[in-house]
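Need the 3D shape of this:
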Amino acid sequence: MKEKKKPLYKSFGYAFTGIWTCLKKERNIKIHSFATVCVVIAGILLHISYEEWLVCLVLFGLILSLELVNTAIEAVVDLVTQEKRPLAKVAKDCAAGAVLIAAIFAAVIGGWIFFPRIAALL
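Alright, predicted model coming up:
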């Protein structure tokens, strides 16, 4: 017999619970969220273009999403084993590396967007 799907609003509830839990418990997503707020303030003050806002929004979504996935991977690995195991380390390190790569590229792109405007003010 086919299992009945839960209502769509419950799926959204679970997703928002996951986001909120991560924001409350994980240091790195707090740092990324703070950086997001800083970039939004800088974008408003420096009058970045519509296209630049789109790039920033995509980068915000990418980094925050990867941080949520990283947290999920770490939680699953910890659920499976608390022992120091080579494959557990690989999973956690690769997930963290994905966030780091996205953050580095976001910082570089942010530099291209913001440094010329900041330099013009100085």
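
Every contact and neighbour count from this point should use C-alpha atoms.
Noted.

can I get the CA coordinates of the helix or strand W20 falls within in PDB?
For W20, the element it lies in under DSSP states H and E is helix 8-25. Listed next in PDB are the C-alpha coordinates belonging to helix 8-25 (Å, rounded to 0.1, in the frame of the first residue of the first chain):
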ATOM      1  CA  LEU A   8       3.100  20.600   1.700                       C
ATOM      2  CA  TYR A   9       3.000  23.000   4.600                       C
ATOM      3  CA  LYS A  10       4.500  20.400   6.900                       C
ATOM      4  CA  SER A  11       7.400  20.000   4.500                       C
ATOM      5  CA  PHE A  12       8.000  23.800   4.700                       C
ATOM      6  CA  GLY A  13       7.700  23.600   8.500                       C
ATOM      7  CA  TYR A  14      10.400  20.900   8.600                       C
ATOM      8  CA  ALA A  15      12.700  23.000   6.300                       C
ATOM      9  CA  PHE A  16      12.300  26.100   8.400                       C
ATOM     10  CA  THR A  17      12.900  24.100  11.600                       C
ATOM     11  CA  GLY A  18      16.200  22.800  10.000                       C
ATOM     12  CA  ILE A  19      17.200  26.300   9.100                       C
ATOM     13  CA  TRP A  20      16.400  27.700  12.600                       C
ATOM     14  CA  THR A  21      18.100  24.800  14.300                       C
ATOM     15  CA  CYS A  22      21.300  25.400  12.300                       C
ATOM     16  CA  LEU A  23      21.200  29.100  13.000                       C
ATOM     17  CA  LYS A  24      20.900  28.500  16.700                       C
ATOM     18  CA  LYS A  25      23.500  25.800  17.000                       C
END
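
After it, which helix or strand is next?
Sequence order places helix 27-46 as the next helix or strand after helix 8-25, per DSSP H and E.

Okay, angle between that following helix and helix 8-25 too, please.
Relative orientation of helix 27-46 and helix 8-25, computed by axes from the mean of the first three to the mean of the last three C-alpha atoms, to 10 degrees: 100 degrees.
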